[in-house]
Structures are given as C-alpha cells and as structure tokens.
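>>> sequence unknown, structure follows:
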C-alpha cells in the first residue's frame, strides 16, 4: 500500500499540517492541506496550503514573500496529520513574529474560562478517582 | 479580552493541539482538545485530549503509562491551534516510536497519487503562471 493511501483526509478533504523550522526545530504554524496542496508542497518545493477561509490554494509567502522551502514531510501513525519540515525565508506569522505560536496561555486565563463554564452550568468533567474521593468526604 | 476568548473552537468544540518535546524540540503528536481537555492539561499538569474516536477525555498515558507533563501552552495568531510543550515520560506513539510522525512521505508516493487523481479525472490545479506558459507553448 502506498503511503498516501494511509492518509485519512477529513470530511473536507483536508489534513492539518504542522510546519517546523528544519534548522531551529521551532514550530512555526499549523495550516491545512488537501491532496493538491500536498502535491504542490512536494513538487514545487514551496509549502502550500488550502486556505479554508478563502477556499483556495495558498502558496505560503506568495503575497508576503516569506515563502517556506520544503525539506521533508512526515505523516503520523493514524494518517490524519502531517509534519512539514521546512526552511522559512522570513517570519511565518502575518504579525511579523517568527512563529504563529507567539502567545502563551496562562493558567489564570484557562482557570477563569473554566469558572465561567461552571457558572454557565456547562458540564464540567471530574476524574472518576476525584469523584470517588468527593463521595467519601 | 481574556486569551481564552481568542480561541476559536471548531464546530465540534475542538482545537488541534501539537505536542512538542520541551527538551528535544521534536514534534511528538497532534491531538485534539476541547475546553475541558485544555483546562485539565493545565490544571492537572498531564496533557489531556478529547478522543474523537472514543468521544471521551483521554489523559495521554493513562493506559500506556507514557504520560506527558505540560510545560507551556501557546495559541496561534488566529486562535485555532494550540502548541503544547511537554516532557514525555516515554514514547508518544502507540507503536513505540518516540514520535507519531515517524514515517516520511516520499515524493514518489505523492506523485503516484497525483497521477491517479489525474487518471480519475479529478481537477488538478495548475498555477496561473504555468497555465499561461502552457498557453504560449
């Protein structure tokens, strides 16, 4: 079986594609590829995505000039994600940051959001062991 | 605005979450998180996903023992992907490989799949410049 037959495209014919800088190992961005974008990424050497918002192929850097040259493409054990190692020619992010993942989530933020969910009456998960402890006390 | 309000969960209430080894920088896997999984990832310190196949929360390593301890969580510029830096206590992949991305896609595979798509009459993208060249020749 060819490797591409092991790829499980989602209902929109897409796979999430992580882009990692081949030199620094930094994770730069996550985009989405259809079969055509994957083919173009490997055949042209330019990392190419399917833009879900614009519904068109998007060669990274075609407007910004910050293209990414494909080094290697890996697929994961269950064939539903891609890892592209590439050499970027500039910042990955439209904000000018090297990586699109330039903001860290603080625990305070996540805790506050969780509290809001509890107040809103949304179901909140309790690990079975903790539920048992609660029943005991 | 709280950072969590900038997260754009998909129609199933999920975000793709890349896990990267905080020490080696290796990309280990891609999982999916809902708000609860994200909360648990940060509050328990154990990387936790939403299993789309089992439709339940899944603390990575709860059966294999190969848990991942959360170091930091980042979100991307458009708030639709997460990057989790973590310390794994064993292989990320159920196959025993350190990373789930242990297989490289060869250009031969992708080229063959593209040829099959052409034979099947599926639309094949041609870059506008190449189409213009084709028209000239």
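Cool, got the structure. These figures come from a predicted structure and were not determined experimentally.

>>> which other residues reach the host helix or strand of residue A:42?
Using DSSP states H and E, residue A:42 maps to helix A:35-43. The contact list for helix A:35-43, computed with CB atoms under 8 Å, 6 or more residues apart in numbering or on different chains, reads A:4, A:9, A:13, A:15, A:17, A:33, A:46-50, A:57-59, A:70, A:73, A:82, A:84, B:105, B:107, B:110-111, B:113-114, B:117, B:124-125. Quick note: C-beta positions are derived from backbone N, CA and C, even for glycine.

>>> quick check: buried residues in that helix?
A:35, A:36, A:37, A:38, A:39, A:40, A:41, A:42 (16 or more other CB atoms under 10 Å in any protein chain shown).

>>> and the third one, how far from residue B:72?
In this structure, residue A:37 and residue B:72 are 30 Å apart, going by CB to CB, to the nearest Å.

>>> what sits against residue A:72?
So residue A:72 contacts A:22, A:84, A:85, B:104 (CB under 8 Å, 6+ apart).

>>> narrow those to just the buried residues.
Among those, those classed as buried by 16+ other CB under 10 Å are A:22, A:84, A:85.

>>> now, those that are in strands?
Per DSSP state E, strands hold the following members of the buried ones among the contacts of residue A:72: A:84, A:85.

>>> how far away from the center of its chain is stretch A:30-42?
Put simply, stretch A:30-42 sits 13 Å off its chain's centre (CA atoms, centre = their mean, to the nearest Å).

>>> to clarify, my last question referred to stretch A:112-119.
Centre-to-centre, stretch A:112-119 and its host chain are 26 Å apart (CA atoms, centre = their mean).

>>> which residues touch it?
If you take CB under 8 Å, 6+ apart as the criterion, stretch A:112-119 is touched by A:124, B:2, B:4, B:5, B:35, B:39, B:43.

>>> what pLDDT, on average, does it get?
The average of the pLDDT scores along stretch A:112-119 is 79.

>>> got the buried residues for that stretch?
Residues of stretch A:112-119 classed as buried by neighbour count (16+ other CB under 10 Å): A:113, A:114, A:117.

>>> how about stretch A:47-55?
The neighbour-count check on stretch A:47-55 (16+ other CB under 10 Å) flags A:47, A:48, A:49, A:50 as buried.

>>> cool, stretch A:13-20 as well?
For stretch A:13-20, burial by neighbour count (16+ other CB under 10 Å) applies to A:14, A:15, A:16, A:17, A:18, A:19, A:20.

>>> hang on, the earlier thing: would CSV of the contacts of residue A:72 with pLDDT and distance to residue B:28 be doable?
What follows is those, written out as CSV (pLDDT from 0 to 100; distance: CB to CB, whole Å):
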residue, pLDDT, distance to residue B:28
A:22, 98, 17
A:84, 98, 16
A:85, 98, 14
B:104, 96, 16
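
>>> distance to residue A:100 added to those residues, as JSON lines?
Converted to JSON lines, the contacts of residue A:72 look like this (distance: CB to CB, whole Å):
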{"residue": "A:22", "distance to residue A:100": "17"}
{"residue": "A:84", "distance to residue A:100": "14"}
{"residue": "A:85", "distance to residue A:100": "16"}
{"residue": "B:104", "distance to residue A:100": "24"}
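
>>> dig out what the spatially most central residue of chain A forms beta bridges with.
What sits nearest the mean C-alpha location of chain A, by CA atoms, centre = their mean, is residue A:30, with 3.1 Å. Residue A:30 has these beta-bridge partners by DSSP bridges: residue A:18.
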